[in-house]
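Asks: Next comes the sequence, and after it the predicted model I'd like to discuss.
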Amino acid sequence: MNAAGYARFGATLLVWCALLGWHVTADRLDCTAAALSLALVTALLTLSGTETAFYRRRAFVRLYLRSGGLLFRLLSRKALMLFWQAAKSLLLGLFLLIATLTLDTAQWLLLLADLLVLALVLTALSTMLEGELQEDYREPVVRHWAMRLNAVLLWLAAALLLYISPQENYSDLRWEEVVAFSAAQPTVGCDALALLARLGAVGEALALWSAQHLLGSLREPTQVLMAWAAFLAAFGASFLLAWAYSRALVGVLARPWAVWRSGEE
């Protein structure tokens, strides 16, 4: 890994530290501090999403649209894209903060190790695509492709870690009892986020409960249905966490303003 790779690792390490700090102090932070944490994560996600939206917009407008047309003017309004990316990033950032509240030590170490993986992937892709893409597009495309690849790798690693790590045993409980038990676990200082934190903890516990029972001896149709629903939802939530985390990491490296300036018509 070259000097640029080490610089990328250092930048993404700041994101990991910020999320870990949120995890450790969330039970003592008031709503103002929680809102600032959400704003920081949203900003990182917005930077990543906006950079991709800008270079895609530039390519589409230049290749397919005639200058001066209504559609050309509409799609050239960067403020609309920025607003749309920020709205999506706000929801994704909220999910990321809630999801990281229940991570254990092994999962945090996995997220830390993923920083090195992402740095290596970025370095490798940047080298491979040198001379293959137009220079204005190369780094944004590298970051976008690396984010996608990293999300998949992190998701698979997280699933493997969940499989080999010891977990809470819910095999003797009904799903209603699991809900009551898990809802009392997370503590968040901001009441506005406390409900979401409890819902996240309940979803994670139900997913674990379902995994422990799907190959067991469930007989009641409602129990079987609940087990499958929770099990499938867990896969989606796990991938969404890997996706949001990867986007936040890439966001600290993104330079959408560079694409913005180079895309001026």
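Replies: Everything's here; your move.
Asks: in the helix ranked longest in the chain, what counts as buried?
Replies: In the chain, taking DSSP state H as the definition, the longest helix is helix 31-64. Neighbour-count burial for helix 31-64, counted by 16 or more other Cβ atoms under 10 Å, picks out 34, 37-38, 40-42, 44-58, 61. Just so you know, the C-beta spots here come from the backbone N, C-alpha and C atoms, and that holds for glycine as well.
Asks: by contact count, what packs against that helix?
Replies: helix 3-25, helix 70-75, helix 78-100, helix 135-164, helix 191-213, helix 221-251, helix 256-262 (3 or more Cβ pairs under 8 Å, 6 or more residues apart in numbering; DSSP states H and E).
Asks: Ok, which of these comes nearest Asp114?
Replies: Shortest distance between Asp114 and the helices and strands packed on helix 31-64, using Cβ to Cβ, is found for helix 135-164: 5.2 Å.
Asks: what angle do the closest one and helix 3-25 make?
Replies: If you take axes from the mean of the first three to the mean of the last three Cα atoms, to 10 degrees, helix 135-164 sits at 50 degrees to helix 3-25.
Asks: Low-confidence ranges, the stretch 1-150 of the chain, go.
Replies: Applying pLDDT under 70 to the stretch 1-150 of the chain picks out residues 1, 60-77.
Asks: Kindly tell me how buried the closest residue to Leu45 other than its chain neighbours is, as a neighbour count.
Replies: Excluding the flanking residues, the one nearest Leu45 by Cβ to Cβ, 6 or more residues apart in numbering is Ser89, at 3.6 Å. Residues lying near Ser89 (other Cβ atoms under 10 Å) number 25.
Asks: tell me the contacts of Ser89?
Replies: 42-43, 45-46, 49 (Cβ atoms under 8 Å, 6 or more residues apart in numbering).
Asks: What's the separation between it and Leu103?
Replies: 21 Å (Cβ to Cβ, to the nearest Å).
Asks: CA atoms of the helix or strand Val117 falls within as PDB?
Replies: Per DSSP states H and E: Val117 is located in helix 105-128. What follows is helix 105-128, C-alpha atoms only, in PDB (Å, rounded to 0.1, in the frame of the first residue of the first chain):
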ATOM      1  CA  THR A 105     -16.300  -5.900  20.700                       C
ATOM      2  CA  ALA A 106     -15.800  -8.500  17.900                       C
ATOM      3  CA  GLN A 107     -17.900  -6.600  15.500                       C
ATOM      4  CA  TRP A 108     -16.100  -3.300  16.200                       C
ATOM      5  CA  LEU A 109     -12.800  -5.100  15.600                       C
ATOM      6  CA  LEU A 110     -14.200  -6.300  12.300                       C
ATOM      7  CA  LEU A 111     -15.200  -2.700  11.300                       C
ATOM      8  CA  LEU A 112     -11.700  -1.600  12.200                       C
ATOM      9  CA  ALA A 113     -10.100  -4.300  10.100                       C
ATOM     10  CA  ASP A 114     -12.400  -3.300   7.200                       C
ATOM     11  CA  LEU A 115     -10.600   0.100   7.100                       C
ATOM     12  CA  LEU A 116      -7.500  -1.700   5.900                       C
ATOM     13  CA  VAL A 117      -9.500  -3.800   3.400                       C
ATOM     14  CA  LEU A 118     -11.100  -0.600   1.900                       C
ATOM     15  CA  ALA A 119      -7.700   1.200   1.700                       C
ATOM     16  CA  LEU A 120      -6.200  -1.800  -0.200                       C
ATOM     17  CA  VAL A 121      -9.200  -2.000  -2.500                       C
ATOM     18  CA  LEU A 122      -9.100   1.700  -3.300                       C
ATOM     19  CA  THR A 123      -5.400   1.500  -4.000                       C
ATOM     20  CA  ALA A 124      -5.700  -1.600  -6.200                       C
ATOM     21  CA  LEU A 125      -8.600  -0.100  -8.200                       C
ATOM     22  CA  SER A 126      -6.900   3.200  -8.600                       C
ATOM     23  CA  THR A 127      -3.900   1.500 -10.100                       C
ATOM     24  CA  MET A 128      -5.900  -0.900 -12.300                       C
END
